[in-house]
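# Here's a sequence, model it:
(chains A and B, ligands or ions: 2)
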Amino acid sequence: MSKLRQDVELVEGEIESPAEGDFAPYVIFTRLTDNGPHIYAGWVDAVDDAMALQFAREHYGQDQECVNIWAIPQPALSGTETAFPTSDVEGAVRPFEVFAQSKAGGQHINVGSVEAATSADALLRARQQFGDSGAHSIWVAPRDRIVATKKGDVIWRYTSQDYRMARGYSASVREKWQKIRAEKDLTEYERDDIEEMF
Amino acid sequence: MSGSSNLGMHVDHGIEEDPEKLAEFQATIDARTLIEPDDWMPAAYRTGMLRMAEHHANSEIIGALPEGEWITRAPSLRRKLALTAKVQDEIGHGQMLYRVSQDLGKSRDQMLRDLITGRTKYHNVFNYPAPTWGDIAMIQWLIDGAAIMNQKTLADGAYGPYVRTMKRINMEEAFHFKSGEDMVLTLMTGTSSQRAMGQEAFDRWWYPSIMFHGPPDKPNTLQSPAMRWRMKTETNDSLRRRFVNRFAPAALDLGLKIHVVTKDADGMVTSRKPDEKLRLNPDSGDWEFTEPDWEEFFRVIRGNGPCNKKRLALRRLSYVQGRWVRNAIVHGSTALPNGGGR
Ligand SMILES: [Fe+2]
Ligand SMILES: [Fe+2]
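Ligands and ions are numbered 1, 2, ... in the order given. Below is the predicted model of the structure:
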(Lines give C-alpha, C1' and ligand atoms only; values in the text may rest on other atoms or scores of the structure.)
(Ligands and ions follow the chains in the order given, each with its own letter.)
Protein backbone atom coordinates (compact mmCIF):
# COMPACT_ATOMS: atom_id res chain seq x y z
CA MET A 1 0.00 0.00 0.00
CA SER A 2 1.14 3.48 -0.76
CA LYS A 3 2.88 5.01 2.24
CA LEU A 4 1.95 8.37 0.83
CA ARG A 5 -1.71 7.73 1.55
CA GLN A 6 -0.95 6.11 4.89
CA ASP A 7 0.63 9.05 6.66
CA VAL A 8 -1.01 12.16 5.34
CA GLU A 9 -0.79 15.22 7.54
CA LEU A 10 -3.99 17.15 7.89
CA VAL A 11 -3.69 20.71 6.63
CA GLU A 12 -6.40 22.66 8.36
CA GLY A 13 -8.22 25.75 7.25
CA GLU A 14 -9.49 27.10 3.97
CA ILE A 15 -8.58 25.75 0.56
CA GLU A 16 -6.45 28.32 -1.21
CA SER A 17 -7.81 27.89 -4.69
CA PRO A 18 -10.77 29.54 -6.37
CA ALA A 19 -14.16 27.84 -6.48
CA GLU A 20 -14.21 25.44 -9.40
CA GLY A 21 -17.88 25.35 -10.22
CA ASP A 22 -19.81 22.23 -11.12
CA PHE A 23 -20.06 20.04 -14.19
CA ALA A 24 -23.36 20.03 -16.09
CA PRO A 25 -26.14 17.61 -15.15
CA TYR A 26 -27.42 14.92 -17.53
CA VAL A 27 -30.47 12.74 -16.95
CA ILE A 28 -29.83 9.06 -17.63
CA PHE A 29 -32.30 6.50 -18.94
CA THR A 30 -31.48 2.82 -19.35
CA ARG A 31 -33.18 0.20 -21.47
CA LEU A 32 -33.05 -3.09 -19.60
CA THR A 33 -34.21 -5.41 -22.38
CA ASP A 34 -34.31 -5.24 -26.19
CA ASN A 35 -38.04 -4.71 -26.32
CA GLY A 36 -38.47 -2.67 -23.16
CA PRO A 37 -38.70 1.13 -22.83
CA HIS A 38 -35.98 3.48 -21.63
CA ILE A 39 -36.49 3.97 -17.91
CA TYR A 40 -35.20 6.79 -15.71
CA ALA A 41 -32.07 5.63 -13.89
CA GLY A 42 -30.59 8.79 -12.38
CA TRP A 43 -28.14 11.55 -13.13
CA VAL A 44 -24.50 12.10 -13.89
CA ASP A 45 -22.53 15.33 -13.92
CA ALA A 46 -20.22 15.75 -16.89
CA VAL A 47 -18.54 18.44 -19.01
CA ASP A 48 -19.73 17.15 -22.38
CA ASP A 49 -21.87 14.52 -24.08
CA ALA A 50 -19.06 12.00 -24.52
CA MET A 51 -18.09 12.14 -20.86
CA ALA A 52 -21.73 11.90 -19.80
CA LEU A 53 -22.26 8.74 -21.82
CA GLN A 54 -19.03 7.14 -20.68
CA PHE A 55 -19.78 7.97 -17.07
CA ALA A 56 -23.35 6.67 -17.39
CA ARG A 57 -22.11 3.37 -18.84
CA GLU A 58 -19.81 2.88 -15.90
CA HIS A 59 -22.22 4.17 -13.29
CA TYR A 60 -25.62 2.85 -14.35
CA GLY A 61 -24.61 0.19 -16.85
CA GLN A 62 -22.61 -1.83 -14.36
CA ASP A 63 -25.00 -2.22 -11.46
CA GLN A 64 -27.92 -3.48 -13.52
CA GLU A 65 -27.89 -5.35 -16.80
CA CYS A 66 -28.98 -3.08 -19.66
CA VAL A 67 -28.79 -2.99 -23.45
CA ASN A 68 -28.91 0.73 -24.18
CA ILE A 69 -28.34 4.04 -22.41
CA TRP A 70 -29.61 7.55 -23.12
CA ALA A 71 -28.03 10.66 -21.64
CA ILE A 72 -29.95 13.92 -21.98
CA PRO A 73 -28.45 17.29 -21.01
CA GLN A 74 -30.78 18.91 -18.50
CA PRO A 75 -31.35 22.09 -20.58
CA ALA A 76 -32.74 19.94 -23.42
CA LEU A 77 -35.38 18.47 -21.14
CA SER A 78 -38.70 20.18 -20.58
CA GLY A 79 -41.32 19.07 -18.17
CA THR A 80 -44.61 19.75 -16.55
CA GLU A 81 -42.56 20.54 -13.46
CA THR A 82 -41.03 23.91 -12.84
CA ALA A 83 -37.79 22.13 -11.96
CA PHE A 84 -37.48 21.67 -15.72
CA PRO A 85 -38.69 24.96 -17.13
CA THR A 86 -39.58 24.84 -20.77
CA SER A 87 -36.29 24.73 -22.59
CA ASP A 88 -35.34 26.99 -25.47
CA VAL A 89 -35.45 24.26 -28.08
CA GLU A 90 -36.84 25.77 -31.28
CA GLY A 91 -36.48 25.18 -35.00
CA ALA A 92 -37.84 22.83 -37.61
CA VAL A 93 -40.43 20.23 -36.77
CA ARG A 94 -38.67 17.15 -35.39
CA PRO A 95 -39.29 14.22 -33.11
CA PHE A 96 -39.34 14.64 -29.32
CA GLU A 97 -39.19 11.64 -27.00
CA VAL A 98 -41.82 11.61 -24.26
CA PHE A 99 -41.29 10.33 -20.72
CA ALA A 100 -44.21 9.86 -18.36
CA GLN A 101 -44.23 9.36 -14.61
CA SER A 102 -47.43 7.60 -13.62
CA LYS A 103 -47.41 8.70 -9.98
CA ALA A 104 -45.38 11.06 -7.79
CA GLY A 105 -42.10 9.46 -6.80
CA GLY A 106 -42.15 6.96 -9.66
CA GLN A 107 -39.66 6.64 -12.49
CA HIS A 108 -40.17 8.44 -15.79
CA ILE A 109 -40.59 5.92 -18.59
CA ASN A 110 -40.28 6.52 -22.33
CA VAL A 111 -43.84 6.12 -23.63
CA GLY A 112 -43.39 7.25 -27.23
CA SER A 113 -42.65 10.35 -29.27
CA VAL A 114 -44.35 13.39 -30.78
CA GLU A 115 -43.45 15.75 -33.66
CA ALA A 116 -43.08 19.41 -32.78
CA ALA A 117 -41.05 22.54 -33.54
CA THR A 118 -40.67 23.84 -29.97
CA SER A 119 -40.47 22.10 -26.65
CA ALA A 120 -43.56 23.95 -25.41
CA ASP A 121 -45.46 22.58 -28.38
CA ALA A 122 -44.01 19.11 -27.82
CA LEU A 123 -45.11 19.19 -24.20
CA LEU A 124 -48.63 20.22 -25.20
CA ARG A 125 -48.90 17.40 -27.74
CA ALA A 126 -47.39 14.91 -25.31
CA ARG A 127 -49.97 15.85 -22.73
CA GLN A 128 -52.78 15.38 -25.24
CA GLN A 129 -51.44 12.09 -26.46
CA PHE A 130 -50.11 10.49 -23.29
CA GLY A 131 -51.62 12.48 -20.43
CA ASP A 132 -55.03 10.80 -20.50
CA SER A 133 -53.87 7.86 -18.48
CA GLY A 134 -53.31 10.29 -15.62
CA ALA A 135 -49.59 10.85 -15.85
CA HIS A 136 -48.33 12.75 -12.82
CA SER A 137 -45.55 14.40 -14.74
CA ILE A 138 -44.33 14.40 -18.34
CA TRP A 139 -40.89 15.24 -19.74
CA VAL A 140 -40.00 15.80 -23.38
CA ALA A 141 -36.61 16.05 -25.08
CA PRO A 142 -35.78 16.50 -28.78
CA ARG A 143 -34.39 13.25 -30.12
CA ASP A 144 -31.41 15.02 -31.70
CA ARG A 145 -30.19 16.12 -28.27
CA ILE A 146 -30.20 12.61 -26.83
CA VAL A 147 -26.79 10.98 -26.58
CA ALA A 148 -27.12 7.22 -26.90
CA THR A 149 -25.01 4.11 -26.91
CA LYS A 150 -25.02 2.38 -30.29
CA LYS A 151 -26.71 -0.88 -31.04
CA GLY A 152 -24.27 -3.66 -30.32
CA ASP A 153 -22.15 -1.58 -27.88
CA VAL A 154 -21.09 -3.74 -24.99
CA ILE A 155 -22.36 -2.17 -21.78
CA TRP A 156 -22.82 -5.15 -19.57
CA ARG A 157 -19.59 -7.14 -19.53
CA TYR A 158 -19.25 -10.60 -20.98
CA THR A 159 -17.23 -11.95 -18.07
CA SER A 160 -19.11 -13.07 -14.99
CA GLN A 161 -20.15 -10.12 -12.85
CA ASP A 162 -21.40 -12.35 -10.05
CA TYR A 163 -18.84 -10.99 -7.64
CA ARG A 164 -20.66 -7.63 -7.66
CA MET A 165 -24.14 -9.10 -7.18
CA ALA A 166 -25.77 -10.38 -3.98
CA ARG A 167 -26.71 -13.55 -5.86
CA GLY A 168 -23.00 -14.28 -6.39
CA TYR A 169 -22.74 -15.10 -2.69
CA SER A 170 -25.96 -16.89 -1.78
CA ALA A 171 -24.80 -20.45 -2.48
CA SER A 172 -21.55 -19.98 -0.58
CA VAL A 173 -23.25 -18.24 2.36
CA ARG A 174 -25.91 -20.96 2.61
CA GLU A 175 -23.31 -23.72 2.51
CA LYS A 176 -21.23 -22.14 5.28
CA TRP A 177 -24.25 -21.51 7.51
CA GLN A 178 -25.33 -25.11 7.04
CA LYS A 179 -21.89 -26.27 8.12
CA ILE A 180 -22.01 -24.09 11.25
CA ARG A 181 -25.53 -25.15 12.12
CA ALA A 182 -24.71 -28.81 11.62
CA GLU A 183 -21.69 -28.53 13.90
CA LYS A 184 -23.71 -26.68 16.51
CA ASP A 185 -26.46 -29.28 16.45
CA LEU A 186 -23.83 -31.95 16.82
CA THR A 187 -22.25 -30.26 19.87
CA GLU A 188 -25.65 -29.79 21.47
CA TYR A 189 -26.46 -33.42 20.79
CA GLU A 190 -23.17 -34.55 22.30
CA ARG A 191 -23.73 -32.39 25.37
CA ASP A 192 -27.24 -33.79 25.88
CA ASP A 193 -25.85 -37.21 25.34
CA ILE A 194 -23.19 -36.73 28.00
CA GLU A 195 -25.75 -35.31 30.42
CA GLU A 196 -27.94 -38.34 29.90
CA MET A 197 -25.11 -40.74 30.48
CA PHE A 198 -23.89 -39.22 33.70
CA MET B 1 -23.15 2.18 3.42
CA SER B 2 -23.87 5.10 5.70
CA GLY B 3 -27.08 6.85 6.58
CA SER B 4 -27.91 10.01 8.32
CA SER B 5 -29.08 8.98 11.70
CA ASN B 6 -26.61 10.84 13.82
CA LEU B 7 -27.38 14.06 12.07
CA GLY B 8 -28.98 16.58 14.38
CA MET B 9 -32.10 17.89 12.74
CA HIS B 10 -32.11 21.54 13.63
CA VAL B 11 -35.15 23.18 12.26
CA ASP B 12 -35.13 26.92 12.02
CA HIS B 13 -38.39 28.21 13.40
CA GLY B 14 -37.36 31.78 12.70
CA ILE B 15 -39.03 31.66 9.30
CA GLU B 16 -42.75 32.22 9.40
CA GLU B 17 -44.44 29.96 6.89
CA ASP B 18 -47.90 30.47 5.43
CA PRO B 19 -50.04 28.26 7.72
CA GLU B 20 -52.34 27.25 4.87
CA LYS B 21 -49.47 26.08 2.67
CA LEU B 22 -47.89 24.37 5.64
CA ALA B 23 -51.09 22.43 6.32
CA GLU B 24 -51.38 21.46 2.68
CA PHE B 25 -47.77 20.30 2.69
CA GLN B 26 -48.38 18.18 5.80
CA ALA B 27 -51.53 16.73 4.22
CA THR B 28 -49.57 15.73 1.10
CA ILE B 29 -47.05 13.92 3.26
CA ASP B 30 -49.73 12.29 5.40
CA ALA B 31 -51.40 11.05 2.22
CA ARG B 32 -48.06 9.44 1.34
CA THR B 33 -47.71 11.47 -1.84
CA LEU B 34 -44.08 12.18 -2.53
CA ILE B 35 -42.70 15.71 -2.56
CA GLU B 36 -40.92 16.65 -5.79
CA PRO B 37 -38.24 19.38 -6.06
CA ASP B 38 -40.55 21.96 -7.61
CA ASP B 39 -43.35 21.51 -5.06
CA TRP B 40 -43.79 24.15 -2.41
CA MET B 41 -41.94 23.19 0.75
CA PRO B 42 -41.21 24.96 4.04
CA ALA B 43 -37.75 26.56 4.12
CA ALA B 44 -36.89 24.38 7.12
CA TYR B 45 -37.77 21.27 5.11
CA ARG B 46 -35.55 22.34 2.25
CA THR B 47 -32.56 23.05 4.51
CA GLY B 48 -33.25 19.90 6.53
CA MET B 49 -33.38 17.68 3.43
CA LEU B 50 -30.30 19.37 1.98
CA ARG B 51 -28.39 18.82 5.20
CA MET B 52 -29.51 15.21 5.38
CA ALA B 53 -28.68 14.35 1.75
CA GLU B 54 -25.35 16.20 1.95
CA HIS B 55 -24.40 14.42 5.18
CA HIS B 56 -25.33 11.12 3.59
CA ALA B 57 -23.26 11.91 0.45
CA ASN B 58 -20.27 12.91 2.58
CA SER B 59 -20.57 9.63 4.48
CA GLU B 60 -20.57 7.56 1.31
CA ILE B 61 -17.30 8.97 0.03
CA ILE B 62 -15.52 9.11 3.40
CA GLY B 63 -16.73 5.57 4.16
CA ALA B 64 -14.97 4.29 1.05
CA LEU B 65 -11.57 5.53 2.29
CA PRO B 66 -10.73 2.81 4.87
CA GLU B 67 -12.00 0.13 2.48
CA GLY B 68 -10.08 1.53 -0.48
CA GLU B 69 -6.87 1.12 1.48
CA TRP B 70 -7.45 -2.64 1.55
CA ILE B 71 -7.99 -3.23 -2.19
CA THR B 72 -4.29 -3.86 -2.83
CA ARG B 73 -4.12 -6.27 0.10
CA ALA B 74 -7.26 -8.34 -0.54
CA PRO B 75 -6.62 -12.06 0.12
CA SER B 76 -7.80 -13.32 -3.30
CA LEU B 77 -8.54 -12.01 -6.78
CA ARG B 78 -12.27 -12.50 -6.30
CA ARG B 79 -12.23 -10.56 -3.02
CA LYS B 80 -10.19 -7.85 -4.73
CA LEU B 81 -12.73 -7.55 -7.55
CA ALA B 82 -15.56 -7.47 -5.04
CA LEU B 83 -13.96 -4.82 -2.84
CA THR B 84 -13.12 -2.67 -5.87
CA ALA B 85 -16.74 -2.92 -7.02
CA LYS B 86 -17.97 -2.12 -3.52
CA VAL B 87 -15.81 0.99 -3.23
CA GLN B 88 -16.94 2.07 -6.71
CA ASP B 89 -20.56 1.61 -5.59
CA GLU B 90 -20.05 3.77 -2.50
CA ILE B 91 -18.50 6.61 -4.50
CA GLY B 92 -21.43 6.23 -6.92
CA HIS B 93 -23.83 6.60 -3.98
CA GLY B 94 -22.00 9.79 -3.10
CA GLN B 95 -22.41 11.06 -6.67
CA MET B 96 -26.14 10.40 -6.68
CA LEU B 97 -26.67 11.98 -3.27
CA TYR B 98 -24.65 15.08 -4.16
CA ARG B 99 -26.96 15.40 -7.19
CA VAL B 100 -30.02 15.33 -4.90
CA SER B 101 -28.35 17.95 -2.70
CA GLN B 102 -27.42 20.16 -5.67
CA ASP B 103 -31.05 20.31 -6.73
CA LEU B 104 -31.86 21.58 -3.24
CA GLY B 105 -29.59 24.54 -3.85
CA LYS B 106 -25.92 23.98 -3.01
CA SER B 107 -23.07 23.52 -5.49
CA ARG B 108 -21.09 20.29 -5.42
CA ASP B 109 -17.77 22.08 -5.26
CA GLN B 110 -18.98 23.96 -2.18
CA MET B 111 -20.10 20.70 -0.56
CA LEU B 112 -16.74 19.05 -1.20
CA ARG B 113 -14.93 22.06 0.25
CA ASP B 114 -17.17 22.25 3.28
CA LEU B 115 -16.50 18.58 3.98
CA ILE B 116 -12.73 19.03 3.80
CA THR B 117 -12.63 22.17 5.88
CA GLY B 118 -14.82 20.59 8.54
CA ARG B 119 -17.87 22.81 8.06
CA THR B 120 -20.02 19.78 7.39
CA LYS B 121 -19.81 16.30 8.86
CA TYR B 122 -20.00 12.69 7.80
CA HIS B 123 -21.15 9.61 9.63
CA ASN B 124 -19.39 9.04 12.92
CA VAL B 125 -18.79 5.34 12.28
CA PHE B 126 -16.05 6.08 9.73
CA ASN B 127 -13.79 7.56 12.37
CA TYR B 128 -12.77 4.10 13.58
CA PRO B 129 -9.74 2.18 12.28
CA ALA B 130 -9.68 -0.92 10.04
CA PRO B 131 -6.30 -2.49 10.89
CA THR B 132 -6.95 -6.02 9.53
CA TRP B 133 -8.85 -7.81 6.77
CA GLY B 134 -11.21 -8.95 9.53
CA ASP B 135 -12.28 -5.33 9.92
CA ILE B 136 -13.18 -5.15 6.23
CA ALA B 137 -15.35 -8.24 6.70
CA MET B 138 -17.04 -6.82 9.83
CA ILE B 139 -17.63 -3.42 8.22
CA GLN B 140 -19.41 -5.03 5.28
CA TRP B 141 -21.45 -7.30 7.49
CA LEU B 142 -22.33 -5.02 10.42
CA ILE B 143 -22.11 -1.50 9.03
CA ASP B 144 -23.55 -2.20 5.58
CA GLY B 145 -26.14 -4.36 7.35
CA ALA B 146 -27.05 -1.45 9.63
CA ALA B 147 -27.05 0.88 6.62
CA ILE B 148 -29.52 -1.31 4.73
CA MET B 149 -31.88 -1.29 7.71
CA ASN B 150 -31.67 2.49 7.91
CA GLN B 151 -31.87 3.14 4.18
CA LYS B 152 -34.89 0.86 3.79
CA THR B 153 -36.75 3.15 6.20
CA LEU B 154 -35.43 6.22 4.35
CA ALA B 155 -36.71 4.76 1.06
CA ASP B 156 -40.13 5.00 2.69
CA GLY B 157 -39.67 8.74 3.23
CA ALA B 158 -41.40 11.68 1.57
CA TYR B 159 -38.87 13.41 -0.67
CA GLY B 160 -39.10 11.92 -4.18
CA PRO B 161 -35.50 12.34 -5.42
CA TYR B 162 -34.06 11.03 -2.13
CA VAL B 163 -36.48 8.09 -2.08
CA ARG B 164 -35.62 7.10 -5.66
CA THR B 165 -31.92 7.32 -4.84
CA MET B 166 -32.35 5.17 -1.72
CA LYS B 167 -34.09 2.47 -3.76
CA ARG B 168 -31.29 2.40 -6.30
CA ILE B 169 -28.64 2.37 -3.56
CA ASN B 170 -30.31 -0.44 -1.63
CA MET B 171 -30.02 -2.74 -4.65
CA GLU B 172 -26.25 -2.41 -4.35
CA GLU B 173 -26.19 -2.59 -0.58
CA ALA B 174 -27.58 -6.11 -0.79
CA PHE B 175 -24.36 -7.13 -2.55
CA HIS B 176 -22.21 -5.36 0.06
CA PHE B 177 -23.99 -7.12 2.90
CA LYS B 178 -23.98 -10.59 1.30
CA SER B 179 -20.31 -10.46 0.41
CA GLY B 180 -19.62 -9.19 3.95
CA GLU B 181 -21.56 -12.09 5.42
CA ASP B 182 -19.60 -14.46 3.19
CA MET B 183 -16.28 -12.98 4.39
CA VAL B 184 -17.31 -13.22 8.06
CA LEU B 185 -18.45 -16.83 7.55
CA THR B 186 -15.15 -17.65 5.84
CA LEU B 187 -13.20 -16.30 8.81
CA MET B 188 -15.40 -17.96 11.43
CA THR B 189 -15.35 -21.37 9.74
CA GLY B 190 -11.60 -21.09 9.14
CA THR B 191 -8.43 -21.76 11.11
CA SER B 192 -8.02 -20.70 14.73
CA SER B 193 -6.05 -17.61 13.70
CA GLN B 194 -8.78 -16.65 11.20
CA ARG B 195 -11.38 -17.00 13.94
CA ALA B 196 -9.25 -14.93 16.29
CA MET B 197 -8.96 -12.23 13.64
CA GLY B 198 -12.74 -12.29 13.22
CA GLN B 199 -13.31 -12.02 16.97
CA GLU B 200 -10.87 -9.13 17.39
CA ALA B 201 -12.42 -7.21 14.51
CA PHE B 202 -15.88 -7.92 15.92
CA ASP B 203 -14.77 -6.51 19.28
CA ARG B 204 -13.71 -3.30 17.53
CA TRP B 205 -16.92 -2.94 15.44
CA TRP B 206 -19.78 -4.22 17.58
CA TYR B 207 -20.21 -1.02 19.59
CA PRO B 208 -19.66 1.39 16.69
CA SER B 209 -22.35 -0.55 14.82
CA ILE B 210 -24.75 -0.31 17.77
CA MET B 211 -24.10 3.43 17.84
CA PHE B 212 -24.58 3.61 14.05
CA HIS B 213 -28.25 4.48 14.41
CA GLY B 214 -27.44 7.58 16.43
CA PRO B 215 -27.97 8.74 20.02
CA PRO B 216 -30.92 7.56 22.13
CA ASP B 217 -34.34 8.96 21.31
CA LYS B 218 -35.53 12.03 23.13
CA PRO B 219 -39.01 12.00 24.67
CA ASN B 220 -40.40 14.14 21.85
CA THR B 221 -38.67 12.35 18.97
CA LEU B 222 -41.91 11.19 17.39
CA GLN B 223 -43.24 14.75 17.29
CA SER B 224 -40.08 16.20 15.74
CA PRO B 225 -40.36 17.82 12.30
CA ALA B 226 -38.01 15.16 10.90
CA MET B 227 -40.56 12.47 11.75
CA ARG B 228 -43.69 14.46 10.95
CA TRP B 229 -42.30 15.36 7.53
CA ARG B 230 -41.08 11.80 6.99
CA MET B 231 -37.47 12.80 6.53
CA LYS B 232 -36.99 9.86 8.87
CA THR B 233 -39.60 7.15 9.31
CA GLU B 234 -38.23 5.22 12.28
CA THR B 235 -36.52 6.40 15.45
CA ASN B 236 -32.89 5.65 16.34
CA ASP B 237 -33.78 3.39 19.25
CA SER B 238 -36.26 1.39 17.21
CA LEU B 239 -33.70 0.84 14.43
CA ARG B 240 -31.08 -0.10 17.02
CA ARG B 241 -33.42 -2.64 18.64
CA ARG B 242 -34.07 -4.30 15.27
CA PHE B 243 -30.37 -4.27 14.50
CA VAL B 244 -29.38 -6.02 17.73
CA ASN B 245 -32.26 -8.50 17.42
CA ARG B 246 -30.98 -9.44 13.99
CA PHE B 247 -27.21 -9.45 14.60
CA ALA B 248 -26.66 -10.55 18.21
CA PRO B 249 -28.04 -14.08 17.69
CA ALA B 250 -26.29 -14.35 14.31
CA ALA B 251 -22.97 -13.41 15.93
CA LEU B 252 -23.46 -16.01 18.67
CA ASP B 253 -24.32 -18.65 16.06
CA LEU B 254 -21.08 -17.81 14.29
CA GLY B 255 -19.18 -18.56 17.47
CA LEU B 256 -18.44 -14.90 18.18
CA LYS B 257 -18.42 -13.64 21.76
CA ILE B 258 -20.10 -10.34 22.46
CA HIS B 259 -17.83 -8.19 24.62
CA VAL B 260 -17.98 -4.85 26.34
CA VAL B 261 -14.62 -3.25 25.55
CA THR B 262 -12.41 -0.32 26.42
CA LYS B 263 -10.27 1.27 23.72
CA ASP B 264 -7.22 3.48 23.48
CA ALA B 265 -6.95 6.74 21.55
CA ASP B 266 -6.20 4.80 18.34
CA GLY B 267 -9.41 2.84 18.64
CA MET B 268 -7.64 -0.41 19.58
CA VAL B 269 -9.18 -2.63 22.25
CA THR B 270 -7.36 -2.47 25.61
CA SER B 271 -9.68 -4.69 27.66
CA ARG B 272 -12.76 -6.77 27.10
CA LYS B 273 -15.27 -8.68 29.16
CA PRO B 274 -18.42 -10.57 28.22
CA ASP B 275 -21.53 -8.40 28.03
CA GLU B 276 -23.33 -9.62 31.13
CA LYS B 277 -26.55 -7.85 30.25
CA LEU B 278 -26.80 -9.65 26.92
CA ARG B 279 -29.88 -11.87 26.84
CA LEU B 280 -33.04 -12.48 24.91
CA ASN B 281 -35.93 -11.10 26.94
CA PRO B 282 -38.60 -13.76 26.51
CA ASP B 283 -41.42 -11.32 27.31
CA SER B 284 -40.54 -8.59 24.83
CA GLY B 285 -38.78 -10.81 22.31
CA ASP B 286 -35.99 -8.21 22.23
CA TRP B 287 -32.32 -8.67 23.01
CA GLU B 288 -31.02 -6.70 25.97
CA PHE B 289 -27.46 -5.38 25.97
CA THR B 290 -25.11 -3.00 27.74
CA GLU B 291 -25.65 0.54 26.48
CA PRO B 292 -22.81 2.04 24.43
CA ASP B 293 -20.57 4.69 25.93
CA TRP B 294 -22.44 7.71 24.61
CA GLU B 295 -19.78 10.07 25.91
CA GLU B 296 -17.33 8.43 23.55
CA PHE B 297 -19.86 8.83 20.74
CA PHE B 298 -20.10 12.59 21.25
CA ARG B 299 -16.34 12.90 21.72
CA VAL B 300 -15.81 11.26 18.32
CA ILE B 301 -18.49 13.41 16.66
CA ARG B 302 -16.73 16.51 17.95
CA GLY B 303 -13.67 15.46 15.97
CA ASN B 304 -11.64 13.60 18.59
CA GLY B 305 -12.06 10.05 17.33
CA PRO B 306 -9.20 7.74 16.35
CA CYS B 307 -9.34 8.50 12.62
CA ASN B 308 -11.10 11.86 12.16
CA LYS B 309 -7.92 13.70 11.13
CA LYS B 310 -6.68 10.86 8.92
CA ARG B 311 -9.91 10.63 6.94
CA LEU B 312 -10.12 14.37 6.33
CA ALA B 313 -6.42 14.58 5.45
CA LEU B 314 -6.83 11.90 2.79
CA ARG B 315 -9.95 13.51 1.35
CA ARG B 316 -8.16 16.84 1.21
CA LEU B 317 -5.15 15.25 -0.49
CA SER B 318 -7.43 13.68 -3.11
CA TYR B 319 -9.18 16.99 -3.74
CA VAL B 320 -5.91 18.87 -4.14
CA GLN B 321 -4.17 16.17 -6.15
CA GLY B 322 -7.18 15.77 -8.42
CA ARG B 323 -7.39 19.45 -9.26
CA TRP B 324 -5.24 19.20 -12.41
CA VAL B 325 -7.45 16.36 -13.67
CA ARG B 326 -10.58 18.46 -13.21
CA ASN B 327 -8.81 21.38 -14.86
CA ALA B 328 -7.80 19.22 -17.80
CA ILE B 329 -11.37 18.02 -18.21
CA VAL B 330 -12.99 21.41 -17.94
CA HIS B 331 -10.47 23.68 -19.64
CA GLY B 332 -8.35 21.26 -21.65
CA SER B 333 -5.40 22.64 -19.69
CA THR B 334 -2.91 19.91 -18.85
CA ALA B 335 -0.61 22.03 -16.71
CA LEU B 336 0.76 19.80 -13.99
CA PRO B 337 0.16 20.83 -10.42
CA ASN B 338 2.99 22.78 -8.83
CA GLY B 339 3.47 21.40 -5.40
CA GLY B 340 -0.19 20.59 -4.99
CA GLY B 341 -1.07 23.75 -3.07
CA ARG B 342 -3.37 23.26 -0.18
FE1 LIG C 1 -23.50 3.16 0.20
FE1 LIG D 1 -22.56 -0.10 1.14
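
# Hmm, A:Q101 is touching A:I138, no?
Yes - here A:Q101 reaches A:I138: they are 7.5 Å apart, a contact under CB atoms under 8 Å. C-beta here means a position set from N, CA and C on the backbone, and glycine is covered the same way.

# can you pull out the helices in the chain?
Because you didn't say which chain, this covers chain A. A:3-6, A:49-60, A:119-130, A:167-197 (DSSP state H).

# wait, I meant chain B there
Using DSSP H, helices in chain B cover B:19-30, B:43-68, B:77-103, B:108-116, B:133-138, B:144-154, B:160-188, B:192-211, B:225-228, B:236-253, B:294-299, B:308-321, B:323-331.

# next one: the longest one to chain centre, how far?
Just to be clear, that refers to helix B:160-188. 12 Å (CA atoms, centre = their mean, to the nearest Å).

# again with the fifth one
In terms of CA atoms, centre = their mean, the centre of helix B:133-138 is found 16 Å from the chain centre.

# which helices and strands does it pack with?
On a contact count with 3 or more CB pairs under 8 Å, 6 or more residues apart in numbering or on different chains; DSSP states H and E, helix B:133-138 meets helix B:160-188, helix B:192-211.

# So for A:A46, which of those helices sits nearest?
Nearest to A:A46, of all these, is helix B:160-188, at 18.2 Å by CB to CB.

# does the closest one come close to ligand 1?
No - Helix B:160-188 lies apart from ligand 1 when judged by CB under 5 Å from the ion; the minimum separation is 5.6 Å.

# Quick check: buried residues in that helix?
Neighbour-count burial for helix B:160-188 flags B:160-169, B:172-173, B:175-188 (criterion: 16 or more other CB atoms under 10 Å in any protein chain shown).

# can you check stretch A:109-123 too?
Judged by neighbour count using 16+ other CB under 10 Å, the buried positions of stretch A:109-123 are A:I109, A:N110, A:V111, A:S113, A:V114, A:A116, A:T118, A:S119, A:A120, A:D121, A:A122, A:L123.

# Pretty sure the fourth one sits against A:P95.
Yes - because the distance of 4.9 Å satisfies CB under 8 Å, A:S113 is recorded as touching A:P95.

# can you list residues touching both of these two?
Counting by CB atoms under 8 Å, 6 or more residues apart in numbering or on different chains, the common neighbours of A:S113 and A:P95 are A:R143.

# Quick one: neighbours of B:T72, just the number.
Number of residues near B:T72 (other CB atoms under 10 Å in any protein chain shown) recorded here: 10.

# Equivalent analysis for the one 4 residues further on, please.
B:S76 sits with 9 neighbouring residues when counted by other CB under 10 Å.

# Same question for the one 5 residues further on.
A total of 18 residues lie near B:L81 under the criterion other CB under 10 Å.

# quick one: it and A:F55, what's the gap?
Going from B:L81 to A:F55 by CB to CB, to the nearest Å gives 21 Å.

# repeat for B:P216
In this structure, B:P216 and A:F55 are 42 Å apart, going by CB to CB.

# which ones are touching the closest residue to ligand 1 within chain B?
Residue of chain B nearest ligand 1, by CB to the ion: B:H93 (3.9 Å). For B:H93, the contact set (CB under 8 Å, 6+ apart) comprises B:S2, B:A57, B:E60, B:T165, B:I169, B:E172.

# what's the answer for B:E295, then?
By CB under 8 Å, 6+ apart, B:E295 has no neighbours at all.

# What of the one 10 residues further on?
Contacts of B:G305 were listed using CB under 8 Å, 6+ apart, and they are B:N124, B:N127, B:Y128, B:G267, B:R299.

# are any of these buried, and which?
Here, 16+ other CB under 10 Å leaves B:N124, B:N127, B:Y128, B:G267 buried among the contacts of B:G305.

# Those: which ones sit near ligand 2?
Filtering the buried ones among the contacts of B:G305 for proximity to ligand 2 by CB under 5 Å from the ion leaves nothing.

# ok, of those residues, which one's closest to B:N327?
Lowest distance from B:N327 to those (CB to CB) belongs to B:N127, with 31.5 Å.

# Kindly state the pLDDT recorded for A:A135?
pLDDT, A:A135: 81.

# wait, doesn't it sit right on A:A104?
No - using CB under 8 Å as the test, A:A135 is too far from A:A104 to be in contact (10.8 Å).

# Tell me which of these two has more neighbours.
Using other CB under 10 Å, the more surrounded residue of A:A135 and A:A104 is A:A135, with 21 against 16.

# Tell me who's in contact with the more buried one.
If you count contacts by CB under 8 Å, 6+ apart, A:A135 has them with A:A100, A:Q101, A:S102.

# just to revisit the earlier point, what about B:P216 and A:F55, which has more around it?
A:F55 (19 against 13).

# The more buried one against A:W43, yeah?
No - taking contacts as CB under 8 Å, A:F55 lies outside contact range of A:W43: 10.1 Å.

# which ones are touching the residue positioned nearest the centre of chain A?
Nearest to the mean C-alpha position of chain A, by CA atoms, centre = their mean, lies A:A41 at 3.1 Å. Applying CB under 8 Å, 6+ apart to A:A41 gives the contacts A:I28, A:F29, A:T30, A:A56, A:Y60, A:Q64, A:I69, B:R168.

# Can you tell me how far it is from ligand 2?
19 Å (CB to the ion, to the nearest Å).

# Kindly report the same for B:Q102.
Separation of B:Q102 from ligand 2 (CB to the ion) stands at 22 Å.
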